[in-house]
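[1] sequence and predicted structure below; questions after.
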Amino acid sequence: MQLFYKPGACSMAAHIILNEAGAEHRLEKVDTDKGVTETGLTYRDVNPRGYVPALRLDDGDVITENAAVLQFLGDRFADLALVPVAGTIDRVRLQEVLSFLSSELHIAFGPFFSGGEMPEEKKQATTDRLTRKIAQFDGMMPDDAPFVLGDRFSVADAYAFVILNWSNFIGLPLSPWPKLEAYMARIAARPAVQQTLQQEGLAA
Ligand SMILES: N[C@@H](CCC(=O)N[C@@H](CS)C(=O)NCC(=O)O)C(=O)O
């Protein structure tokens, strides 16, 4: 398998899962601004929409979109139970969380990474919206269990970790949400997460 990624971007969730599984894989760094990969591929030939992640399988099939990539990997390494079994209500709960993460929380961070300074008024409104989305995710976290789906680490935790980690890049402390701060520390302590941060050049 080959993962097309950008350091620290949402593709890091799939990278974490590949490391959790100890799966053989190749990493291919993408410059999404220039549309080329580190070995000189035209990235739109891999993902026509030009963004990461993309996962190229050994038979040449390419999977895009985080929610699909992560569920594919979870099913591929089924013995690790990183996704609930397809067709169960627990799997639907995972899909709810992945949908929230990609279409709400991830999107709310977007304006901070779109380049250029935001006018003060827009910055305030964008921060308020992001704060609301973080608070909603905090509300989805169980009070009495370590991971978003309960007692088991899942692909959703890898994705949530990567997105919430962006709060460091934009200087937005997670201290108003102690449950989330503890959650982030718990995920960060996983050896596969440390390995991934190191490989992407983000280790402290
Ligand atoms: N809907 C996509 C969004 C992926 C996405 O936003 N990727 C960002 C990095 S986190 C990216 O590659 N941005 C560069 C670009 O859009 O050119 C998904 O969920 O996989």
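    Alright, I've got the coordinates. Numbering: from 1, shown residues only.
[2] and after the host helix or strand of residue 70, which helix or strand comes next?
    Here residue 70 is covered by helix 66-76, with elements defined by DSSP states H and E. Next along the chain after helix 66-76, taking DSSP H and E as the criterion, comes helix 89-100.
[3] just checking, next helix/strand downstream of that next one?
    Towards the C-terminus, the helix or strand next in line after helix 89-100, according to DSSP H and E, is helix 106-109.
[4] now do that following helix, average pLDDT.
    In this model, helix 106-109 has an average pLDDT of 98.
[5] buried ones in that helix?
    Neighbour-count burial for helix 106-109 flags 106, 108, 109 (criterion: 16 or more other C-beta atoms under 10 Å). Heads up, the C-betas are built off the backbone N, CA and C, glycines and all.
[6] for that helix, packing partners?
    Contacts defined by 3 or more C-beta pairs under 8 Å, 6 or more residues apart in numbering; DSSP states H and E place helix 106-109 against helix 120-140, helix 155-170.
[7] the ligand: which of those is closest?
    Among the helices and strands packed on helix 106-109, the nearest to the ligand by C-beta to the nearest ligand atom is helix 155-170 (8.2 Å).
[8] contacts for that closest one next, please.
    8-10, 12-14, 16-17, 20, 66, 70-71, 73-74, 82-83, 94, 97-98, 101-102, 105-106, 109, 112-113, 134, 137, 147-149, 173-174, 180, 183-184, 187-188, 193 (C-beta atoms under 8 Å, 6 or more residues apart in numbering).
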